[in-house]
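[1] pasting the structure only:
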């Protein structure tokens, strides 16, 4: 299932397969090229190198992100404190953790799942909100990276974000169901 999802780039299937299979990833001889990222080594490199260009402009990137997020859905603004300074640092740190974690799925997946549980249970984040966050992230990357942003970068980031967000959603849905 994981191999089919990897090769077919079906985000929902890939996220499900990734979550179920991540402990065994290193045991599969056919997977090394895909172990860092659902799109393969090139996609992982695109995500990691493009994020490295955003790190020096983290404050600007965070501003771009939250401005776009609240432009796309003003109803999300009340979920955050008035002063976004700490939240912006958390966002940049989490994206950095995720990007660096693409090479260590066994460490990344539990962190992403815990983040999903926390967001669902404590902040009442729902699945549709992840689409808005994804759109704001892609817009931020496009603006922040300028001419170095292209279709390949967009595809790589879309796939990685899709898998990570679906992993968070699945973990959050399970946590909400358990608490009901």
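    Structure received. Note that the structure is predicted; figures quoted are calculated from it, not measured. Numbers count the residues shown, from 1 in each chain.

[2] quick check: closest non-adjacent residue to residue 79.
    Leaving out its chain neighbours, the residue that sits closest to residue 79 by C-beta to C-beta, 6 or more residues apart in numbering is residue 123, at 6.0 Å. Where C-beta positions appear, they are placed from N, C-alpha and C, glycine not excepted.

[3] what separation do you get for the one you found and residue 54?
    Here the criterion is C-beta to C-beta, to the nearest Å. By it, residue 123 lies 24 Å from residue 54.

[4] quick one: which of the two has more around it?
    Looking at residue 123 and residue 54 with other C-beta atoms under 10 Å, you find the greater number of neighbours at residue 54, namely 20 against 12.

[5] element containing that one, please.
    For residue 54, the host element (DSSP states H and E) is helix 41-54.

[6] who does that helix touch, helix- and strand-wise?
    In this structure, helix 41-54 makes packing contacts with helix 85-101, helix 127-145, helix 151-179, judged by 3 or more C-beta pairs under 8 Å, 6 or more residues apart in numbering; DSSP states H and E.

[7] need the next SSE after it, C-terminal direction.
    Once the chain leaves helix 41-54, the next helix or strand it forms, by DSSP H and E, is helix 58-72.

[8] now what about the helix holding residue 54, what contacts it?
    Defining contact as C-beta atoms under 8 Å, 6 or more residues apart in numbering, one finds that helix 41-54 is touched by 33-34, 36-37, 61, 95-96, 99-100, 102-103, 141, 144-145, 148-149, 152-153, 155-157, 159-160.
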